[in-house]
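Colleague: Predicted model follows, preceded by the sequence.
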Amino acid sequence: MQRLLNASLPLTFVAALAIASQSFAQANLLTNPGFEAAGGSYNGWSTFPGNNVALSLPAGDNIIRTGVAASKIFGAFPGCPGPGGFNVSGCFQSLLAPTPGKLYRLSGYSYVSSADPIPGTDTCNKNRMIAKIVFFNAAGGGSEISSNEVVIGDGNSIRNQWNAFSVSAPVPPGALRVQAMFLYLQPACDGGAVYVDDTSFVELTPGAAESNLLANSSFATSLNGWTTFGNALYDGRAFAARTPAGAAKLFSTFVLGSDSGMYQAFAAAPGSKWKLDVYSLTTCQDGPISGTNDNLGLAKIVFRDAANTEIGSSQTVIIDHAAPLGTWTQHVLRSPPAPAGTASVQAYILFVSPTISGGAMFIDDVLFRQQGPTDVAPGTPAASLWLHQNVPNPFNPSTRIAFDLPQADTVDLSIYDVAGRRMATLLRGTVEPGPHAVVWDGKTTNGGTAATGIYRYVLTTSAGKLAHNMVLMK
């Protein structure tokens, strides 16, 4: 399993959506973000424990992205934990009075060396390094209100190169302090170190809020307003919610052919177009979907006629075993025009367990609305780089992948399996600005046919990389 493909993308789909719709201050809020002060130091940073947070300098490891120093963080071996426990080392900076209504983004570059790698591929049960944003309800001490994190180094990391990472989180009500943190989690007595350099912590201004038809779209205290089935429950734990006070937790019914899910329904007319926007999470803190786990989370728009018969739908995968662990990920599904005979439309969130596996998915901040004539639709040139969800998805035998370019650029569009192996290259070369689309017929570079499973398509340009998951079903 190659999970770093998520963490190493300078612009994941989530980041691309955020940057496309936000203006943000360029000022870096961190002191000494490149660990360069006084020729190399942690000035401005709080560290713990001190003997597991070091500097990479030219006279030592000499793993430095820019300047004269980088951060090196590793495990605490004396008395390292046995089963069920873990040690933590790392560094952080605190800022008081985060601005209500803003988002904060922590980004930078991480490095795992083959000279001191993290062993194993089980992210949750082996050593891992995370970048984390945490909001607290007091200027000192206090309780965590909400957080978001991203794995920036583990046993799946691509070694011997600097990989970009980025994680963002909205300011919750009542937040009096925010911390930008780099934490090395050690649940086993394993070796390994992670280097960090050129960090940034900035304040973002979200775009204008969109109208939302959904009742209780952020799950304030319950799932009231939603029709639920199977195992769809309210969860009020801080780590489980993107925005307080809660989220929806979905997991398997443990009965073959019986899904868990939730939906809301609205009147709709033929020809109308709809948008479903949802944040999803799977996390090591509760039921991670990783490794060979084949559970799927789906966002789905369903059209029904006057007899309540389904007459059309579109869907996208929002959680699978290749999803980044611990990170809230945004997904946007736009429907084609509602078919003739449409009387209603339903916004669904589904948890599908094909082989009765454990694991859980968390959902928060869901938006559903009808698209108007001025909305940006799939295939419309955008002001920024954009990669659309493939259609259809899941698919067999072929699917269409569309993207928009703001300017002429050198482009690579390739397909990868969940282990990070390149399966096919669909496009490589200079492409003119505007909307473009290619079709993947499920064929691999060597002329074979790809097996049933989850694949990731990655668009690479000079501006960065965008990626989506898709499912091939036979």
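Modeller: Perfect, thanks for sending it.
Colleague: tell me the centre residue of the chain?
Modeller: In the chain, the residue lying closest to the centroid (CA atoms, centre = their mean) is T329, at 3.4 Å.
Colleague: my read: that residue touches D320, true?
Modeller: No. In this structure, T329 is not within contact of D320 by CB atoms under 8 Å, at 10.9 Å. Bear in mind the C-beta positions are built from the backbone N, C-alpha and C, glycine included.
Colleague: which residues are common contacts for those two?
Modeller: When CB atoms under 8 Å, 6 or more residues apart in numbering defines a contact, no residue borders T329 and D320 alike.
Colleague: Next one: R400 relative to H436, how far apart?
Modeller: For R400, the distance to H436 equals 11 Å [CB to CB, to the nearest Å].
Colleague: Of those two, give the one with the bigger neighbour count.
Modeller: Using other CB atoms under 10 Å, the more surrounded residue of R400 and H436 is H436, with 18 against 15.
Colleague: And the residue nearest to the more buried one when sequence neighbours are not counted, how far from L250?
Modeller: Excluding its sequence neighbours, the residue lying closest to H436 (CB to CB, 6 or more residues apart in numbering) is F403, at 5.7 Å. Distance, F403 to L250, by CB to CB: 30 Å.
Colleague: Look at the two and report which has more neighbours.
Modeller: Taking other CB under 10 Å, F403 and L250 do not tie; L250 has more neighbours (29 against 22).
Colleague: that's a helix at that one, yeah?
Modeller: No. Going by DSSP: H, G, I helix; E, B strand; the rest coil, the assignment for L250 is strand, not a helix.
Colleague: wait, isn't it in contact with F229?
Modeller: No. Applying CB under 8 Å, one finds L250 not in contact with F229, separated by 10.3 Å.
Colleague: can you confirm A38 is in a helix?
Modeller: Yes. Counting by three-state DSSP, A38 is located in a helix.
Colleague: On the pLDDT front, check it for me.
Modeller: Per-residue confidence (pLDDT) for A38: 93.
Colleague: Tally up the residues packed near it, please.
Modeller: By other CB under 10 Å, neighbour count at A38 equals 10.
Colleague: how much space is there between the residue nearest to the centre of the chain and V317?
Modeller: 11 Å.
Colleague: Same question for Q179.
Modeller: 32 Å.
Colleague: And the two? Which one has more around it.
Modeller: Neighbour tally, Q179 and V317, criterion other CB under 10 Å: the higher count belongs to V317, 23 against 20.
Colleague: Quick check: the gap between the nearest residue to that one once chain neighbours are set aside and T461.
Modeller: Using CB to CB, 6+ apart and skipping the chain neighbours, the partner closest in space to V317 is N469 (5.1 Å). From N469 across to T461, the span is 19 Å (CB to CB).
Colleague: now do L350
Modeller: As for L350, its distance to T461 is 33 Å (criterion: CB to CB).
Colleague: can you list residues touching both of L250 and F229?
Modeller: Joint contacts of L250 and F229 (CB under 8 Å, 6+ apart) are 260-262.
Colleague: JSON lines for the residues you listed, including secondary structure, distance to V171 and neighbour count?
Modeller: Formatted as JSON lines, the shared contacts of L250 and F229 follow (DSSP: H, G, I helix; E, B strand; the rest coil; distance: CB to CB, whole Å; neighbours: other CB atoms under 10 Å):
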{"residue": "S260", "secondary structure": "strand", "distance to V171": "31", "neighbour count": "24"}
{"residue": "G261", "secondary structure": "strand", "distance to V171": "31", "neighbour count": "21"}
{"residue": "M262", "secondary structure": "strand", "distance to V171": "27", "neighbour count": "23"}
